[in-house]
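**Student:** my questions are about this predicted structure, shown below with the sequence.
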Amino acid sequence: MASHQQSAVSTEEQQATETAEPETALETARRQLERAAAHLEIDDSVLERLEHPAKVSEVSVPLERDDGEVEVFTGYRAQHDSVRGPYKGGLRYHPEVTRDECVGLSMWMTWKCAVMDLPFGGAKGGVVVNPKSLSDGEKERLTRRFTQEIRSVIGPTTDIPAPDMGTDPETMAWIMDAYSMQEGETIPGVVTGKPPVVGGSYGREEAPGRSVAIVTRETCDYYDYPLSDTTVAVQGFGSVGANAARLLEEWGATIVAVSDVNSAIYDADGIDVGAIPSHDEEPEAVTAYATETPDITRISNEALLELDVDVLVPAAVGNVLTADNAADVAADIVVEGANGPTTFAAAAILEERGVHVIPDILANAGGVTVSYFEWLQDINRRKWSLERVHEELESEMVGAWSAVRDEVESKNVTWRDAAYVVALSRVAEAHEMRGLWP
Ligand code: NAD
C-alpha cells in the first residue's frame, strides 16, 4: 500500500511554504492535513481525496427587499467528507464569505467531528451578505429562499446545518420550517442550534464555553496546576469566553482578566465574572463595567494576551496570536476558545517555547457535540434534560481530551498535531475500510 510519510529532506520550495503564513482558511486546512499525515501511514489516494471537498454547491438567492427591489445574493454549501456520517457544519451570513473559505472551514469541521468521535462529516456554507444590512423580514425571506436553493443537498441524514457568524437560533427555525413545508412533514433534525421550543437542545448555546472550561480543567490537572491556584485571562466575553470564565471561576480558578472588543480589565485578586453580562446578554459589557468600576485596572487587548498568567483563553476572533507577539505570551497553557486564534508561525514559536496550546478543534467542540445531542433528540423525538446534556458533554469531552493526550504522550507531538492525528486516523481508517466506489 502506498503511504504518505514526511520526507527527511524538504526542498527549498517546501521549506518556504512551511514557514510562510497561510493566507486562506483552505490553505491552512490543507497544510494542517499534510502536517498530521506526516505522523501517520495513510494511503496516498485517501489523502488525495481528503484534500478536496466532495461537493460544493453555489446558488443564486433572489431577495425582494422591503422597498420592492429584487437583489440577487450568492450562497454556498461546501461538503468535505461524509465517510463517517452526514455532513455537519455552520451557515454564515457575512460579506466576505467565499467558496474557498467554505471549503477550508468544511475541512475543519471534518476534523472537529472526528476528534470528538461524532458520526458526522464536515460541511460549511453561507451567503455573501452583510446581515446588518437586512431587515428582519428580509433576513427571513433570504433564509427561506436559500433553504429552497440548497434543499436537495441538505437533510437530516445527509447534511445538517447549524448557526455561525450572522445566523442564530431563529435563522435555524426558519430553515427547519422552510424545509419541513416543502417535505410535507415536520423535520426538526435538518438543522441544529434551534430554539428549544422547536426541537433545539437545552445547553446548546453555552456548550462551546463549557467545553473550553472542561478541557482547561483537564489540562491544568494533567500539568499539576490545581484550579484553586490557577490564574486565567480570557480574551472576548461572548458566548464562548463568558461561559468558560464563569465555569472556571465556579470550579475555583481565578479569572484575572477579561475583555471585549473595546477594552480589557485586570485584577490580580480576581474579577467577579458573574457580575459582567456576556456579549449576547449585553454587547460590550466589559467596557460598561470598566466605566462603572473606576478602581479596576484597564489594559489593552494586546496586553491581555501577554499577561503572566497560567492559562490564556483567546475566545474572541481568529489570528490574535501571531509571529509578532507569540514570543511575549507569558502563559504556560493556551486554550483556543475562538476558531483559529493562533497563526501557523505563532504556533511554531509557542511550541519552541514549550507553551502547551490546546487546539480549537478540541477545545470549543462542545458546540458541535451538543448539536449532535440535539440531532439525536430530534430523530428520537425525545428531549433531554439540561442535567443530561451536561453529563453527556462532560463524558464526551473528557473522552476526546484523553484520546488526544494519549497521542501527545505516545508520539511526543503538540496538542494540535495530536488532535489532528486522532481525527485524521479515524477518517482515513473509515475510508480504507469502506474502499472506493465503484
Ligand atoms: P460573541 O459574538 O458572542 O462574542 C465575541 C466577544 O469577543 C465579544 O465580547 C466581543 O466584544 C469580543 N471581540 C470581538 N472582536 C474582538 C477583538 N478584535 N478583540 C478582542 N475582543 C473582541 O462570539 P462567540 O460566539 O463567543 O465566538 C467567539 C469565537 O469563538 C469565534 O472565533 C467563534 O468562531 C468561536 N466559536 C463560537 C462558537 C459558538 O457556538 N458560539 C462555537 C465554536 C467556536
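**Tutor:** Thanks, I have it.
**Student:** is it true that residue 92 lies in a strand?
**Tutor:** Yes: under DSSP: H, G, I helix; E, B strand; the rest coil, residue 92 sits within a strand.
**Student:** name the nearest residue to the closest residue to the ligand within the stretch 1-150 of the chain, ignoring sequence neighbours.
**Tutor:** The ligand sits closest to residue 90 of the stretch 1-150 of the chain, with a gap of 8.2 Å, by CB to the nearest ligand atom. Using the backbone N, CA and C atoms, a C-beta is placed for each residue, glycine as well. Nearest non-adjacent residue to residue 90, counting by CB to CB, 6 or more residues apart in numbering: residue 164, 2.9 Å away.
**Student:** separation between residue 347 and residue 109?
**Tutor:** 20 Å (CB to CB, to the nearest Å).
**Student:** more neighbours: the two, which one.
**Tutor:** Using other CB atoms under 10 Å as the criterion, residue 347 and residue 109 rank with residue 109 on top: 26 against 22.
**Student:** what helix or strand is the more buried one on?
**Tutor:** Here residue 109 sits within helix 99-115, counting by DSSP states H and E.
**Student:** and the next helix or strand past that helix?
**Tutor:** As assigned by DSSP H and E, the chain's next helix or strand after helix 99-115 is strand 121-128.
**Student:** buried ones in the next helix or strand along the chain from that following strand?
**Tutor:** Going down the chain from strand 121-128, the next helix or strand is helix 136-149, by DSSP H and E. By neighbour count on 16 or more other CB atoms under 10 Å, the buried set for helix 136-149 is 138, 139, 140, 141, 142, 143, 144, 145, 146, 147, 149.
**Student:** what does stretch 263-272 give?
**Tutor:** Those would be 263, 264, 265, 266, 267, 271, for stretch 263-272 by 16+ other CB under 10 Å.
**Student:** now do stretch 386-405
**Tutor:** The neighbour-count check on stretch 386-405 (16+ other CB under 10 Å) flags 389, 390, 392, 393, 396, 397, 400, 401, 403, 404, 405 as buried.
**Student:** the last one contacts residue 221, doesn't it?
**Tutor:** No: the pair residue 405 and residue 221 fails to qualify as a contact (CB atoms under 8 Å) at a distance of 10.7 Å.
**Student:** give the burial count for residue 420, as a bare number.
**Tutor:** By the measure other CB under 10 Å, the count of residues near residue 420 is 27.
**Student:** give the helix, strand or coil label for it.
**Tutor:** Following three-state DSSP, residue 420 is assigned to helix.
**Student:** nearest residue to it in space, please, no chain neighbours.
**Tutor:** Leaving aside its chain neighbours, residue 420 sits nearest to residue 36 (3.5 Å; criterion: CB to CB, 6+ apart).
**Student:** OK, contacts around that neighbour?
**Tutor:** Residues in contact with residue 36 (CB atoms under 8 Å, 6 or more residues apart in numbering) are 417, 420, 421, 423, 424.
**Student:** give me the subset of these touching the ligand.
**Tutor:** By CB under 6 Å from any ligand atom, no member of the contacts of residue 36 lies near the ligand.
**Student:** and the longest helix seen in the chain, how far from the chain's centre?
**Tutor:** The residue-count maximum for a helix in the chain (DSSP state H) belongs to helix 386-411. Centroid separation for helix 386-411 versus its chain: 16 Å, with CA atoms, centre = their mean, to the nearest Å.
**Student:** kindly report the same for stretch 295-303.
**Tutor:** Chain-centre distance of stretch 295-303: 27 Å, with CA atoms, centre = their mean.
**Student:** now stretch 170-187
**Tutor:** Here stretch 170-187 is found 25 Å from its chain centre; the criterion is CA atoms, centre = their mean.
**Student:** residues making contact with that stretch?
**Tutor:** Contacts to stretch 170-187, defined as CB under 8 Å, 6+ apart, come from residues 91, 93, 139-140, 143-144, 147-148, 151, 154-156, 161-163, 188, 190-195, 198-200.
**Student:** list only buried entries from those.
**Tutor:** Buried subset of the contacts of stretch 170-187 (neighbour count, 16+ other CB under 10 Å): 91, 93, 139-140, 143-144, 147, 154-156, 161-163, 188, 190-194, 198-200.
**Student:** residue of this protein with the smallest distance to the ligand?
**Tutor:** Using CB to the nearest ligand atom, the closest approach of the chain to the ligand is made by residue 238 at 1.7 Å.
**Student:** still on that earlier bit, mind listing what's buried along the helix holding residue 109?
**Tutor:** Within helix 99-115, the residues scored as buried using 16+ other CB under 10 Å are 99, 101-115.
**Student:** and stretch 350-365, by the same measure?
**Tutor:** Using 16+ other CB under 10 Å as the burial criterion, the residues of stretch 350-365 that qualify are 350-351, 355-365.
**Student:** can you check stretch 320-337 too?
**Tutor:** Residues of stretch 320-337 classed as buried by neighbour count (16+ other CB under 10 Å): 320, 321, 322, 326, 329, 331, 332, 333, 334, 335, 336, 337.
**Student:** likewise stretch 378-388?
**Tutor:** For stretch 378-388, a neighbour-count test (16+ other CB under 10 Å) marks 378, 384 as buried.
**Student:** could you do stretch 179-188 as well?
**Tutor:** Buried residues in stretch 179-188, counted by 16+ other CB under 10 Å: 179, 180, 187, 188.
**Student:** and what of stretch 248-260?
**Tutor:** 248, 249, 253, 254, 255, 256, 257, 258, 259, 260.
**Student:** shaky segments in this protein?
**Tutor:** Low-confidence segments of the chain (pLDDT under 70): 1-19, 23.
**Student:** kindly report the domain assignment for it.
**Tutor:** 53-113+120-198, 201-433 (the TED database).
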